[in-house]
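Participant: quick one, structure for this:
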Amino acid sequence: MTKIDSTDTLTKELFIECRPETLFKFFIDPEKMIRWMGNNVLLEPKNSGKFRIDLNGSDIAMGEYIEIIENEKIVMTWGWEKSKLVPPGSSTVEFLLTPKDNGTLLLLTHYDLPVEEVPSHQKGWTHFMTRIKQAAEDHDPGMH
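Facilitator: Below you'll find the predicted structure:
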């Protein structure tokens, strides 16, 4: 019997009242990233640069930056340090920042997720997209 690995893609779109230049920094500056995601963050924001985001002391996201277009796009591999289903580098997350009206339209696309992992990642990204909006609009999102 052959097992067919089934993957899926999830997308989220959110309007944030800040300029793309402001929002972009929340993906490449560790101090800004900690405001919306992670308690401890290590970032090398360059092509093939690694990242490690410790969300809560036990869940640690890891991967590397694939593409960075200043103020427009961030693409990174994504996975979890101790996960067999989504190990580091096994999926890809793309953030597109598009100027719109008095702010930025943020489009997140998470590719190559195992189908059974989509609901938990959907929940996680909903949580963190709300937090990045609050942080980028200069509100305190509070504790993770």
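
Participant: now the helices: where do they sit in the chain?
Facilitator: Assigned by DSSP state H, the chain shows helices spanning 20-28, 30-36, 118-136.

Participant: quick one: low-confidence parts of the protein?
Facilitator: Counting by pLDDT under 70, the ranges of the chain that qualify are 1-5, 143-144.

Participant: where along it do the strands fall?
Facilitator: Secondary structure of the chain by DSSP state E: the strands cover 7-16, 40-43, 50-54, 60-69, 73-80, 91-100, 103-114.

Participant: and the contacts of the third one?
Facilitator: Judged by CB atoms under 8 Å, 6 or more residues apart in numbering, the contacts made with strand 50-54 from elsewhere in the structure are 33, 37-45, 60-65, 76. In this view, the C-beta of every residue, glycine as well, is placed from N, C-alpha and C.

Participant: how much space separates Glu94 from Gly142?
Facilitator: Between Glu94 and Gly142 the computed distance is 27 Å (CB to CB, to the nearest Å).

Participant: who has more neighbours out of the two?
Facilitator: Glu94 (17 against 7; other CB atoms under 10 Å).

Participant: what pairs with the closest residue to Gly38 other than its chain neighbours across the strands?
Facilitator: Closest residue in space to Gly38, ignoring its immediate chain neighbours: Ile53 at 4.1 Å, by CB to CB, 6 or more residues apart in numbering. With DSSP bridges applied, Ile53 shows beta-bridge pairing to Val41, Ala61.
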